[in-house]
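**Student:** No letters, just coordinates:
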């Protein structure tokens, strides 16, 4: 294929490769420290730092004890959004739950983590976590 100055199939192909959305999360892991039994909700904030729209297609979770919601619809360049995870512990002890964000961004599969320690019901939680 030959490319000449001006509009050509090569310039169109180069443009489509360079114009990409990119989800940039402020944190990929949220450390909760010590938590009580019961639902705990966290928010992962992101910005589309690319130059095209990005849509989150789905979010996978590592177990049924974690529910998710997210910013729906296309996210424009430099727009912020969030992924919300709600963890409901089943037993005391350490935990690390994974959420996987699937999108049409240039990096189309991003893992996020919620971690901490669930206290037993009888154990008091100290001030400061």
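**Tutor:** Happy to help now that I have it. Just so we're clear, the structure is a prediction, and the values are computed from it rather than from any experiment.
**Student:** From here on, just use CA atoms for contacts and neighbour counts.
**Tutor:** OK.
**Student:** following the helix or strand bottoming out on mean pLDDT in the chain, which helix or strand comes up?
**Tutor:** Among the helices and strands of the chain, helix 9-18 carries the lowest confidence by mean pLDDT, DSSP states H and E, at a mean of 46. Next helix or strand after helix 9-18 toward the C-terminus (DSSP states H and E): strand 23-25.
**Student:** Counting by contacts, list what that next one packs against.
**Tutor:** Applying 3 or more CA pairs under 8 Å, 6 or more residues apart in numbering; DSSP states H and E, one finds that strand 23-25 makes contact with strand 40-48.
**Student:** Give the pairing partners of the helix or strand just after the strand it packs on; include direction for each.
**Tutor:** In the C-terminal direction, the helix or strand that comes right after strand 40-48 (DSSP H and E) is strand 56-61. When pairs are called by DSSP bridges, strand 56-61 turns out to pair with strand 93-103 (antiparallel).
**Student:** The strand it pairs with: how far from the chain's middle?
**Tutor:** 9 Å (CA atoms, centre = their mean, to the nearest Å).
**Student:** swap in stretch 113-123?
**Tutor:** Relative to its chain's centre, stretch 113-123 lies at 22 Å (CA atoms, centre = their mean).
**Student:** Would you mind listing the buried residues in that stretch?
**Tutor:** Using 16 or more other CA atoms under 10 Å as the test for burial, stretch 113-123 gives 113, 114, 115, 116, 117, 118, 119.
**Student:** And stretch 64-77, by the same measure?
**Tutor:** Buried residues in stretch 64-77, defined by neighbour count with 16+ other CA under 10 Å: 66, 67, 68, 70, 75, 76, 77.
**Student:** and the two most separated of those?
**Tutor:** Comparing all pairs in the buried residues of stretch 64-77 by CA to CA, the longest separation belongs to 66 and 77, at 29.0 Å.
**Student:** So what touches stretch 27-43?
**Tutor:** Defining contact as CA atoms under 8 Å, 6 or more residues apart in numbering, one finds that stretch 27-43 is touched by 44-45, 82-89, 92, 111-121, 125, 129.
**Student:** can you do 7 Å?
**Tutor:** Stretch 27-43 is contacted by residues 44, 82-89, 112-119, 121, 129 when judged by CA atoms under 7 Å, 6 or more residues apart in numbering.
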